[in-house]
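S.K.: Pasting a predicted model and its sequence here:
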Amino acid sequence: MEAVRRYDAAIAENGPIDVHILGVGLNGHIGFNELSSSLASYPRAKTLTVRTRADNARFFAEPAEVPHHVIAQGLGTISDAGYLVLVVDGAGKAPAVRTAVEGPVSAFCPASVLQLHRHVTVIVDEAAAVELELAEFYRYTTEHKPSSQGY
């Protein structure tokens with residue numbers, strides 16, 4: 001697919017993405033990398049699941065307009081970025097947040113690849129954080145984060 005080739009070439013030519021702002025799907029996908037996507041994948045055409053198409057229907061006038069195929073960023077491309085920021089809100093995303101943040105790194109939750117990145121910030125509202133087993137630990141360490149002065 002020519003569009004995929006051009007997209008991949010543009011990223012390669014301009015260096016890795018500096019800051020990548022991400023959301024997460026109900027099933028744990030990011031960047032349209034559906035379940036079972038390779039954790040080292042690069043841009044490619046992907047078929048969206050029925051669930052992902054339904055979740056994105058709100059961006060289209062008619063559900064039939066939601067594409068079946070997209071250019072997925074690639075989990076390798078996302079992982080190459082300098083900084084990653086995951087922003088999630090709502091109780092419906094709580095299981096995906098739990099699996100992405102505290103579950104094993106797995107192609108069954110593509111967002112879990114973020115655990116391997118050196119600079120990730122996860123921003124969630126209380127509803128999306130409700131299933132995090134270590135929520136109190138995360139709050140405490142965020143509140144008491146060391147300053148860059150003296151370290």
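M.R.: That came through, no problem. Numbers count the residues shown, from 1 in each chain.

S.K.: residue nearest the centroid of this protein?
M.R.: Ile30 (3.4 Å; C-alpha atoms, centre = their mean).

S.K.: for the residue nearest to that residue when sequence neighbours are not counted, helix, strand, or coil?
M.R.: Sequence neighbours aside, Ala111 is the residue nearest to Ile30 in space, at 4.7 Å (criterion: C-beta to C-beta, 6 or more residues apart in numbering). Placement of C-beta: from N, CA and C, glycine included. Reduced to three states with DSSP: H, G, I helix; E, B strand; the rest coil, the structure at Ala111 is helix.

S.K.: does the residue nearest to the centre of the chain really touch Ile21, like I thought?
M.R.: No. Counting by C-beta atoms under 8 Å, Ile30 does not reach Ile21; the two are 10.8 Å apart.

S.K.: Tell me which stretches of the chain form strands.
M.R.: In the chain, the strands defined using DSSP state E lie at 19-22, 44-47, 69-72, 83-88, 120-124.
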